[in-house]
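J.: just a sequence and a predicted model for now, questions to come.
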Amino acid sequence: MRRITARFWFSAVLTAVVAAGAAPADAAGSGSAFTLGVRATGSARAAFREAVGALRGGPLANLAVRSAFSDRNDRFVQGFFGATAGGAPVEGVLFAGTGGVAGVVLDTPERLPRSYASLVQRLQRMVPARSAGAGSAAARPLHNVSFGSGNIGLPDGWSVINSYQGCVEAGSTVDHGYIALGCPQHATVPPGLPGTNPRAQLVAPFSSPVQILATIMMQPSPVGLGLQAFRAREVQPVASGLPNGRAAYVLFDYRANGAPYRGLALISIAPIDSMSFLVYKSMFMLPAQTFPQLAPTMWRSWQSWGVSSGVLTGRLTAAAQSMRETGDIITGAYWDRQHANSTAAAGFDQYIRDSATLEHIGSGDRAEGPWADAQAIVNRDPTRWRIVPTAELIPR
C-alpha cells in the first residue's frame, strides 16, 4: 500500500466517512452504500484487511483489491476493488479507519463513475461526522448548490464564483479559501507552435503532474496563479482514466502575499498529440493555520461535486478538437508564410538567371532553360506547352 501523511487524509476523509459505529445499508437509488463492523481498532490496515475478508466471505465473490493507499500513521486506508455479486461484475471503494467500522460504496463498473459522489453522501449520512481522535475536527454542514451542468455542496460563507461545462470554482472571503473541480487547461509542448504566446498559453513539457502543478501555481496570470514558494509535500500517483495519461494527488504548500497556505490537488494530464496535451485540475487551498480544521469540510465538498457524464465526454471531445483546430490554423499560417517566402526566392532566382521551367501539358514532363527559348516554344504551340509559374515550383 502506498502511504500519504495523515495530516490531510486522516483529518479530511476519515472524519467524514468512517468515524464510528455501524449503520444499516441504504438501498435507495443506484448502487449500494453500507458499513461493516470490524474488531481491529488500533490499525487501519488491519481493519481494511478484516473488512476485505468479511466481504469475500459474504455478499461478494471473486473480490480483488486493485489499489489502495493509507496515511503514514496507519489511521486511514482507502482501497478500490472489483468483484461479482449474483454473477454480475461490480466495482467499489472500501474505507477503513480505527473507529471499529469500515464503509463501502458499490455499483456496476459503468455506473460507479456517475454514482460515486451520491453513494459517498449516503455513506456519510450513515456515519455522522464527529471527532475521530485528538486534534481532528468535525466537518461543517454543506448546502447543495447547482451551477448549471452539475451540483456541489458548499459550507456557509462559500459561493460559486465561476463555472463552465462541469468545471466549478468557489471561494470564501471569510475562510480565505478556494476550491476548483474538474477544470481543464490546454498546454503546448516547448518550444510551442509558431505564434504561441507563453504569457497567454501554458507552455510546459509533458512531464509529471507535480511539475505541471508547480508551473501552474507559479506562472503569472492568465496562465497560472502567480503564487510563490510552491513546495510539494506528499505525492500519491493514481490511475488517470485518460488514454496515455498521468495523474496524482499532491499535498502542497505555497505563499500568497507573504502568508502561508496549504492545498490538496488532483492533477490529470493526457496528450492530445505530439505538440499539445490537456490538464485537468481539481484542488482546494486554505490558510495553513486553518487547513487541519477546514480540510474535512472541503474534502466532503469535493466528493459531493457531481457532473453528468455527457457533459464530461462532450467537454473532453470539444477541448481536444478545439486544440487541434487551433494547431491547424497556426501551423497553416506558418506554412503559408514559408511557402510565400520560398516562392518569392524561386522567382527571383529565375529572374536573375533569365530562366524558365517548361512543361508538356499532356505528360507533365518539365525542363528548365533560357526564358526566351521556353517562351518561343509556348508561342508556337500553347496547347501542348506552358511555362510553369514559380508558385507551382515550391511544393506545399
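T.: Great, that's in hand.
J.: helix or strand next in line after the strand or helix carrying Arg233, which one?
T.: Secondary-structure assignment from DSSP states H and E places Arg233 in strand 228-238. Scanning forward in sequence from strand 228-238 by DSSP H and E, the next helix or strand is strand 246-256.
J.: could you point out which element follows that following strand?
T.: Next element after strand 246-256 (DSSP H and E): strand 259-273.
J.: tell me which strands and helices that next one is in contact with?
T.: helix 209-218, strand 246-256, strand 276-287, helix 291-304, helix 309-353 (3 or more C-beta pairs under 8 Å, 6 or more residues apart in numbering; DSSP states H and E). C-beta: built from backbone N, CA, C; applies to glycine.
J.: hmm, Val203 and Thr196 touching each other?
T.: Yes. The pair formed by Thr196 and Val203 meets the contact definition of C-beta atoms under 8 Å, at 6.4 Å.
J.: list residues touching both of these two?
T.: Common neighbours of Thr196 and Val203 (criterion: C-beta atoms under 8 Å, 6 or more residues apart in numbering): Thr188.
J.: ranges for the strands of the stretch 51-200 of the chain?
T.: 61-71, 77-85, 88-96, 101-107, 143-146, 150-154, 159-164, 167-172, 177-188 (DSSP state E, counting those that start in this stretch).
J.: just send these back as CSV, with distance to Met218 and mean pLDDT too.
T.: Listed next are the strands of the stretch 51-200 of the chain as CSV, based on distance: least, C-beta to C-beta, whole Å; pLDDT from 0 to 100:
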stretch, distance to Met218, mean pLDDT
strand 61-71, 27, 85
strand 77-85, 30, 90
strand 88-96, 33, 91
strand 101-107, 37, 90
strand 143-146, 30, 86
strand 150-154, 27, 86
strand 159-164, 21, 88
strand 167-172, 19, 90
strand 177-188, 14, 89
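J.: quick one: closest of those strands to Phe277.
T.: Phe277 lies closest to strand 177-188 among these, at 5.2 Å (C-beta to C-beta).
J.: restricting to C-alpha, output that closest one in PDB.
T.: C-alpha atoms of strand 177-188 as PDB (Å, rounded to 0.1, in the frame of the first residue of the first chain):
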ATOM      1  CA  GLY A 177     -10.200  29.600   0.800                       C
ATOM      2  CA  TYR A 178     -10.600  28.400  -2.800                       C
ATOM      3  CA  ILE A 179     -11.900  25.200  -4.400                       C
ATOM      4  CA  ALA A 180     -11.800  24.300  -8.100                       C
ATOM      5  CA  LEU A 181     -13.000  21.000  -9.500                       C
ATOM      6  CA  GLY A 182     -12.700  19.500 -13.000                       C
ATOM      7  CA  CYS A 183     -11.200  22.500 -14.700                       C
ATOM      8  CA  PRO A 184      -9.400  21.900 -18.000                       C
ATOM      9  CA  GLN A 185      -6.400  23.800 -19.400                       C
ATOM     10  CA  HIS A 186      -4.600  23.400 -22.700                       C
ATOM     11  CA  ALA A 187      -0.800  23.100 -22.700                       C
ATOM     12  CA  THR A 188       1.700  23.200 -25.500                       C
END
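J.: partner strands of it and their direction?
T.: Here strand 177-188 has these sheet partners by DSSP bridges: strand 167-172 (antiparallel), strand 202-203 (parallel), strand 276-287 (antiparallel).
J.: circling back: weakest of the helices and strands packed on strand 259-273 by average pLDDT?
T.: Ranked by mean pLDDT, the helices and strands packed on strand 259-273 end with helix 309-353 at the bottom, a mean of 49.
J.: C-terminal to that helix, what's the next element?
T.: With DSSP H and E, the next secondary element past helix 309-353 is strand 355-360.
J.: list the buried residues of that next one.
T.: 355-359 (16 or more other C-beta atoms under 10 Å).
J.: lowest-confidence one in those residues?
T.: Ser355 (69).
J.: burial count for Gly82?
T.: Using other C-beta atoms under 10 Å, Gly82 is surrounded by 15 other residues.
J.: beta partners for it?
T.: Ala64, Glu91.
J.: list the contacts for it?
T.: Applying C-beta under 8 Å, 6+ apart, the residues near Gly82 are 62-64, 66, 89-92, 109.
J.: in CSV: these, plus neighbour count.
T.: Shown next, in CSV, are those (neighbours: other C-beta atoms under 10 Å):
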residue, neighbour count
Asn62, 11
Leu63, 20
Ala64, 9
Arg66, 10
Pro89, 12
Val90, 23
Glu91, 20
Gly92, 23
Pro109, 11
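J.: can you pull up the most central residue in the chain?
T.: By C-alpha atoms, centre = their mean, the chain has its centre lying nearest to Tyr280, at 2.4 Å.
J.: show me what contacts that residue?
T.: 182-184, 242, 267-270.
J.: for Phe277, give the beta-bridge partners.
T.: The partner residues for Phe277, given DSSP bridges, come to Ala187, Pro271.
J.: give the buried residues for stretch 209-229.
T.: Neighbour-count burial for stretch 209-229 [16+ other C-beta under 10 Å]: 209-210, 212-219, 223-225, 227.
J.: per-residue pLDDT, Ser43?
T.: 89.
J.: roughly how far does the residue nearest to it when sequence neighbours are not counted sit from Ala44?
T.: For Ser43, ignoring the flanking residues on the chain, the nearest one in space by C-beta to C-beta, 6 or more residues apart in numbering is Asp74 at 5.2 Å. Distance of Asp74 to Ala44, computed by C-beta to C-beta, to the nearest Å: 5 Å.
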